[in-house]
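>>> Next come a sequence and a model predicted from it.
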Number of protein chains: 2
Amino acid sequence: MQKRCDEDGVFVVEGPKMAAEAMKSGFAVRAVCATTEWMETYSPTPGLECYEVSPAELERLSNFKTPNQVWMLVERGDNSSFPTPHSSLVLALDRIQDPGNMGTMMRTADWYGIRHIVCSTDTVSCYNPKVVQASMGAVFRTRVEYVDLPQWLSDCGMPVFGASLQGNPIGEAQRPDGTAVLLIGNESRGISPEAMARVTHPVLIPNIGGTAESLNASVAAGILIDRLWTNN
Amino acid sequence: MQKRCDEDGVFVVEGPKMAAEAMKSGFAVRAVCATTEWMETYSPTPGLECYEVSPAELERLSNFKTPNQVWMLVERGDNSSFPTPHSSLVLALDRIQDPGNMGTMMRTADWYGIRHIVCSTDTVSCYNPKVVQASMGAVFRTRVEYVDLPQWLSDCGMPVFGASLQGNPIGEAQRPDGTAVLLIGNESRGISPEAMARVTHPVLIPNIGGTAESLNASVAAGILIDRLWTNN
């Protein structure tokens, strides 16, 4: 289903909360399948292709174990036409595989006003149903591009902060004074050597406990965004 | 399976990485079911109850879609007998429901040297297979207690930091100068009114973007731990 939707230029949005985000987003909703409960609570826009389905039918459509009232097909639009981000940070993701991590990083970026995310081509799609869900609406507000990441990092002309075991402790790291990039690597393999070669500011979140092997990628991203891009 | 294991005082650990953590943890391993691949790589301790299983058998045992070589039953032991935590922070969790969030918060606590977690009785079990997995070994190093949380917070005699929309921006918040508690609330409902009444230091992670409704609970916990319990 996901693949077919990708080819169609649409993606799936599920549950009343995300459906409400989709409807107010300005993205075009192509079709809705929903239970009576949802239909009675929301008034779908006139002209919208809308099907009432049974809970069993919804379960067959859904990507989740516990489907939640509504399943929606939304047109991708061209998120590269989003207005130039006003934030001074670009988040760069290298080979992120876990949809929960991807969506959670989009959500954190959204909270901090980061509107531009650049991903290596082998990063999970931002339209993956689990990414969409975990993003909590950020998918409707964020420009996400898939690029040759080492090349992009070489060409971007901005300082690149990246987590590295050889980095400076984050508390001692110089803060960016203009636009900058924060690079986050794969959950188990970290940043690829090709991308790491473009990191100008390696940083480290000190392992105070000394027992854990690593932090979750989306938690590390949250801590680094917070440390580097807030003034106090 | 999980329920039965709970009653038996054992929990399930899966995959070579977590199995290695279990074997070096000092926790008693009661039984192992593993594929030839795992058996050939690791030499199970003599006397350990060890069964070689086919990939299909492992799939039936496993709590995951993609089982990974080994399934292990580990005795819980009494984690309340863990040495008194040397860290000056206690993490308190109010009604956390998502196993991924719970395990991720245990992992972050482990990274920051926080050895004591206190949970409301309706927080997900730290022995839930998905929690164990997401904790990345922290389950073997952390004292996790389930208590009447509002009562515990009243009796603990420590300042209690908790995220609240009426809180002080975290950058302006006073840092604890001795032992303290950080309270994290439920993923969608936040901190319960009963527990919130015990918060002495309400804090807020400023919503810089102004569009996202909230942060993921485990990301928020990571940012607050980092801000409150590190010196730079």
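That came in fine, so what should we check first? Numbering: from 1, shown residues only, chains lettered A, B, ... in the order given.
>>> secondary structure element for the spatially most central residue of chain A?
Residue closest to the average C-alpha location in chain A (C-alpha atoms, centre = their mean): A:Met106, at 3.1 Å. If you go by DSSP states H and E, A:Met106 is part of helix A:99-111.
>>> so who does A:Arg227 touch?
A:Ile170, A:Gly171, A:Ala173, B:Asp226 (C-beta atoms under 8 Å, 6 or more residues apart in numbering or on different chains). Just so you know, the C-beta spots here come from the backbone N, C-alpha and C atoms, and that holds for glycine as well.
>>> run the last query once more with 7 Å
Listed by C-beta atoms under 7 Å, 6 or more residues apart in numbering or on different chains, the contact set of A:Arg227 reads A:Ile170.
>>> domain assignment for chain A?
A:2-77, A:80-229 (automatic domain parsing).
>>> any idea how far the longest one is from the chain center?
In other words, domain A:80-229. Chain-centre distance of domain A:80-229: 10 Å, with C-alpha atoms, centre = their mean, to the nearest Å.
>>> Show me where chain A has its strands.
Using DSSP state E, the strands of chain A run over A:10-14, A:29-34, A:50-52, A:70-75, A:89-93, A:116-120, A:143-147, A:160-169, A:180-184, A:201-204.
>>> in the helix holding A:Met106, what counts as buried?
Buried residues in helix A:99-111, counting neighbours by 16 or more other C-beta atoms under 10 Å in any protein chain shown, are found at A:99-111.
>>> Please render those residues as TSV that adds distance to A:Thr45 and pLDDT to the earlier fields.
As requested, the buried residues of helix A:99-111 are arranged in TSV below (distance: C-beta to C-beta, whole Å; pLDDT from 0 to 100):
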residue	distance to A:Thr45	pLDDT
A:Pro99	29	97
A:Gly100	31	97
A:Asn101	34	98
A:Met102	30	98
A:Gly103	26	98
A:Thr104	30	98
A:Met105	31	98
A:Met106	26	98
A:Arg107	26	98
A:Thr108	31	98
A:Ala109	29	96
A:Asp110	25	95
A:Trp111	29	96
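>>> Low-confidence stretches in chain A?
A:1-7, A:78-87, A:231-232 (pLDDT under 70).
>>> Show me what from it comes close to chain B.
With C-beta under 7 Å from any C-beta of the partner chain as the criterion, chain A comes near chain B at residues A:100, A:104, A:107-108, A:110-113, A:136, A:138, A:141, A:171-172, A:207-209, A:211-213, A:215-216, A:218-219, A:222-223, A:226, A:230, A:232.
>>> What are the contacting residues of stretch A:10-26?
For stretch A:10-26, using C-beta under 7 Å, 6+ apart, the contacting residues are A:5, A:29-30, A:38, A:62-64, A:67-76, A:127, A:129, A:132-133, A:137, A:140.
>>> repeat that for 6 Å
A:5, A:29-30, A:68-75, A:127, A:129, A:132, A:137, A:140 (C-beta atoms under 6 Å, 6 or more residues apart in numbering or on different chains).
>>> Out of the residues you listed, which comes closest to A:Tyr42?
Nearest to A:Tyr42 among the contacts of stretch A:10-26: A:Val70, at 8.0 Å, using C-beta to C-beta.
>>> you'd agree the closest one is up against A:Trp38?
Yes: contact criterion C-beta atoms under 6 Å: A:Val70 and A:Trp38 qualify, at 4.6 Å.
>>> From chain B, how far out is the closest residue to A:Gln69 other than its chain neighbours?
Spatial nearest neighbour of A:Gln69, excluding adjacent residues (C-beta to C-beta, 6 or more residues apart in numbering or on different chains): A:Trp38 at 4.1 Å. Remark: distance between A:Trp38 and chain B (C-beta to the nearest C-beta, to the nearest Å) = 18 Å.
>>> Can you tell me how far A:Trp38 is from A:Glu14?
According to C-beta to C-beta, to the nearest Å, A:Trp38 stands 11 Å off from A:Glu14.
>>> go on, A:Pro99?
For A:Pro99, the distance to A:Glu14 - C-beta to C-beta - is 13 Å.
>>> repeat for A:Pro202
39 Å.
>>> Next, the distance between the ends of stretch A:157-177.
Terminal residues of stretch A:157-177 are spaced 14 Å apart (C-alpha to C-alpha, to the nearest Å).
>>> in that stretch, what counts as buried?
A:Met158, A:Pro159, A:Val160, A:Phe161, A:Gly162, A:Ala163, A:Ser164, A:Gly167, A:Ile170, A:Ala173, A:Pro176.
>>> Which two of those residues have the greatest separation?
Applying C-beta to C-beta across the buried residues of stretch A:157-177, the maximum distance is between A:Met158 and A:Ile170, 18.5 Å.
>>> partners of the nearest residue to A:Val53 once chain neighbours are set aside in the sheet?
Nearest in space to A:Val53, with sequence neighbours left out and distances taken as C-beta to C-beta, 6+ apart, is A:Cys33 at 4.7 Å. Per DSSP bridges, the residues bridged to A:Cys33 are A:Tyr51, A:Trp71.
>>> A:Cys33 reaches A:Tyr51, doesn't it?
Yes: applying C-beta under 6 Å, one finds A:Cys33 in contact with A:Tyr51, separated by 4.8 Å.
>>> Which of these two has more residues huddled nearby?
A:Cys33 (21 against 12; other C-beta atoms under 10 Å in any protein chain shown).
>>> List the contacts of the more buried one.
A:Tyr51, A:Val53, A:Leu61, A:Trp71.
>>> Any of these buried? List them.
Here, 16+ other C-beta under 10 Å leaves A:Val53, A:Trp71 buried among these.
>>> In JSON lines, list the contacts of A:Cys33 along with distance to A:Gln151.
Below are the contacts of A:Cys33 laid out as JSON lines (distance: C-beta to C-beta, whole Å):
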{"residue": "A:Tyr51", "distance to A:Gln151": "44"}
{"residue": "A:Val53", "distance to A:Gln151": "45"}
{"residue": "A:Leu61", "distance to A:Gln151": "39"}
{"residue": "A:Trp71", "distance to A:Gln151": "38"}
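>>> Pick out whichever of the contacts of A:Cys33 sits closest to chain B.
Proximity of the contacts of A:Cys33 to chain B was ranked by C-beta to the nearest C-beta; the top entry is A:Leu61 with 19.7 Å.
>>> thinking again about what came up before, what's next to the helix holding A:Met106, contact-wise?
A:91, A:96, A:124, A:128, A:130-131, A:134-136, A:138, A:141-142, A:217-218, A:221-222, B:207, B:209, B:211-212, B:215-216, B:219.
>>> Report the angle between it and strand A:180-184.
160 degrees (axes from the mean of the first three to the mean of the last three C-alpha atoms, to 10 degrees).
>>> Could you find the closest non-adjacent residue to A:Gly113?
B:Gly209 (3.5 Å).
>>> Just grab the bridge partners of the closest residue in space to A:Leu93 that isn't next to it in sequence for me.
Excluding its sequence neighbours, the residue lying closest to A:Leu93 (C-beta to C-beta, 6+ apart) is A:Cys119, at 4.5 Å. Per DSSP bridges, the residues bridged to A:Cys119 are A:Leu93, A:Tyr146.
>>> picking that back up, could you identify which of the domains of chain A is most buried?
domain A:80-229 (a mean of 20; mean count of other C-beta atoms under 10 Å in any protein chain shown).
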